[in-house]
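J.: Sequence first, predicted coordinates after that:
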Amino acid sequence: MPKDFPIRSKGFNPFGELIGLVFTEYGGGSSRCELLVREELFNPHGVLHGGVIYAMADTGMGGALYSLLDEGELCTTVEVKIVYFAAVRAGILICNTKVLDRRSRLAVMESEILNRDGEEERMAAKALGTFYIYRAV
């Protein structure tokens, strides 16, 4: 039976809350999270720090996989490869993630990060990640 994922629970994901990440969909091996682009998250060049986009993809992957884990199972990131397509200066980031393959101990996920700024929406980044699945001790 899949684990419960308290996506709206304050304190469940402190780092996500710090950067303003909010899950809007979750379940069945997929997730969607969003983040409002704010100047506090910019790098010295005046654009969104790449680490914020990376963190969004990594967290979205964890959420998508979490929806397939059984009680007593946990997961952790093994690796994430990310390609950045465009600088982000404003708007909302939307991260759509799906589990591509889930085995007994490894899973592979894909995240697409879109930047919606007004009427325009464009791909900001795409990530592919591998997570390790293990039993809680």
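T.: Good, I have the coordinates. The shown structure was predicted, so the numbers you read here are calculated from the model rather than taken from an experiment.
J.: Quick check: buried residues in the longest helix along the chain?
T.: Criterion DSSP state H: the longest helix present in the chain is helix 50-66. Going by neighbour count (16 or more other CB atoms under 10 Å), the buried part of helix 50-66 is 52-66. Where you see a C-beta, it was placed from the backbone N, CA and C, and this is true even at glycine.
J.: Skipping its backbone neighbours, what lies nearest Val88 in space?
T.: In space, and not counting its chain neighbours, Val88 is closest to Leu48: 4.0 Å by CB to CB, 6 or more residues apart in numbering.
J.: what's the neighbour count on the one you found?
T.: 25 (other CB atoms under 10 Å).
J.: pretty sure it is in contact with Leu41, am I right?
T.: Yes - between Leu48 and Leu41 there is a contact at 5.7 Å, judged by CB atoms under 8 Å.
J.: my read: Met109 touches Val99, true?
T.: Yes - using CB under 8 Å, Met109 is in contact with Val99, at 5.3 Å.
J.: So those two - more neighbours on which side?
T.: A count of neighbours by other CB under 10 Å puts Met109 above the other of Met109 and Val99, at 29 against 20.
J.: returning to what we had before: got a pLDDT number for the residue nearest to Val88?
T.: You'll see Leu48 listed with a pLDDT of 98.
J.: Geometric centre of the protein: which residue is closest?
T.: What sits nearest the mean C-alpha location of the chain, by CA atoms, centre = their mean, is Gly60, with 2.2 Å.
J.: For it, give its distance to Asn13.
T.: Per CB to CB, to the nearest Å, Gly60 is found 11 Å from Asn13.
J.: And for Gly51?
T.: 16 Å.
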